[in-house]
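# Coordinates only, no sequence provided:
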């Protein structure tokens, strides 16, 4: 449907005299510091524009429906939409930039993108270029922390579910910042549990995958990256070639049920226990929604359609959020297959057939110049794609260890500690344990991802 809408937009706008709108003479909003922003944000994005308070007028609410919601319902863009967009631009309310961003995400017409980019530039007082307009607009909105307009979820839900109806149970109220949610480019994986081989236009999770011994895994090279997990003395390797195309595995290891999401964009494989839950809660079956939050995958429970914060492991919408469900993490060690099987010779590993034939070069230079989806501002203490080992101390304080420096120090026999967190080598990778040796559920990730989901994180070394 998104393509069809884009084609209709394109056909209409191709013959439209856009010059009248684009040179309409509407004054640019002057950027003013509405609140204190870090210097690095102002240096990169400029000063924050003035943001009005209070509700939107009835006329402006109608204009939003006409310009952004009706086109998704009807698949057309006409003079009424242009007039409504002119009224929105004249309001000088940068909050509406979030709804423009939502529609822009699904627009395939260059002409429509140019119109929306121009309107965004006027609202924000910043140059939003047509090339990568959606990313540039969203980055500014996030970095400046522009609030959402009143009744934002209703407009966003109408746009997103109008394109992909499978999200109708996803877009509901909850402890989630809907401003940050965007489309990752695929459909929701809502296949029944244990139907791993069912085809879908989605990122297909693997449920109860078949495994083989290390000796049988001749398809893996020694330097292939794997994500290693050990539970109750039982070890298993999840090859990156598989995880990059599955992005979610529901498995059982060491007598414990696990949900294992992998976000290629964040460089983060995590493992959550999905058993031993409070009374009345069925084991969550984790699936990929097709949505992102600041370039991190949004996972949900197939049984209840409760959305989880993938990075933090707690339910944020639906019945499981109402019950306050927080999943416990197990450590994931990122290493290579040769060293993992040498230290864990009894390990099992997933069968090759789950890899779906994807090139093992998972990044393929796609995000060599930074994240390919909007993330807004990034804590400047480390480069955005620097690998870190993240853990949570018993005090609740998050801490990130720069992996390259931690690895060098550990190989020299040095101790690395933060509060009660200790790092140790494991099969060529790194895991965090407590001062008593207990597993702390650590994992590796890119710095931009860890720091944005743990904004108060400590960093080792300082």
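Good, I have the coordinates. If you're wondering where the values come from, they're calculated on a predicted model, not measured in any experiment.
# Report the contact partners of the spatially most central residue of the chain.
In the chain, the centroid-proximal residue (CA atoms, centre = their mean) is residue 296; its distance is 1.7 Å. By CB atoms under 8 Å, 6 or more residues apart in numbering, the residues touching residue 296 are 263, 265-266, 268, 310-311, 449, 453. From N, CA and C alone the C-beta is placed, and that goes for glycine too.
# after the helix or strand of the chain with the lowest mean pLDDT comes which helix or strand?
Among the helical and strand segments of the chain, the one scoring lowest on mean pLDDT, DSSP states H and E is helix 19-22, with a mean of 32. With elements assigned by DSSP states H and E, the helix or strand that comes after helix 19-22 is helix 39-45.
# what packs against that next one?
Counting contacts by 3 or more CB pairs under 8 Å, 6 or more residues apart in numbering; DSSP states H and E, helix 39-45 packs against helix 133-143.
# tell me what the helix it packs on is packed against?
helix 39-45, helix 97-106, helix 110-124.
# List just the nearest of the contacts of residue 296 to residue 60.
Closest approach to residue 60 among the contacts of residue 296 (CB to CB): residue 453, at 33.5 Å.
# Nearest residue to that closest one in space, please, no chain neighbours.
residue 311 (4.2 Å; CB to CB, 6 or more residues apart in numbering).
# hang on, isn't that neighbour packed against residue 451?
No. Contact between residue 311 and residue 451 fails when scored by CB atoms under 8 Å: they sit 10.9 Å apart.
# Please name the bridge partners of the residue nearest to the centre of the chain.
residue 293 (DSSP bridges).
# quick one, which of the helices and strands packed on helix 133-143 is packed in tightest?
Comparing the helices and strands packed on helix 133-143 by mean neighbour count (mean count of other CB atoms under 10 Å), helix 97-106 ranks first with a mean of 24.
# Now do that helix: which elements does it pack against?
Using 3+ CB pairs under 8 Å, 6+ apart: helix 97-106 touches helix 2-14, helix 70-74, helix 110-124, helix 133-143, helix 152-163, strand 181-183.
# any idea how far the third one is from the chain center?
Centroid separation between helix 110-124 and its chain, computed with CA atoms, centre = their mean, to the nearest Å, is 25 Å.
# cool, and stretch 419-436?
27 Å.
# What lies in contact with it?
Counting by CB under 8 Å, 6+ apart, 228, 331, 333-336, 338-340, 342-344, 389, 391, 393-395, 397, 399, 401, 403, 406-407, 410-411, 415-417, 439-442, 444 sit against stretch 419-436.
# Out of the residues you listed, name the ones that lie in strands.
228, 333-336, 389, 391, 399, 401, 417, 444 (DSSP state E).
# Is it possible to get CSV of those residues that adds distance to residue 319, pLDDT and neighbour count?
Formatted as CSV, these follow (distance: CB to CB, whole Å; pLDDT from 0 to 100; neighbours: other CB atoms under 10 Å):
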residue, distance to residue 319, pLDDT, neighbour count
228, 33, 98, 28
333, 33, 98, 27
334, 33, 97, 23
335, 37, 97, 20
336, 41, 97, 21
389, 34, 98, 27
391, 30, 97, 28
399, 33, 98, 23
401, 36, 98, 27
417, 40, 95, 12
444, 32, 97, 24
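# Farthest pair within the contacts of residue 296?
Applying CB to CB across the contacts of residue 296, the maximum distance is between 265 and 453, 12.8 Å.
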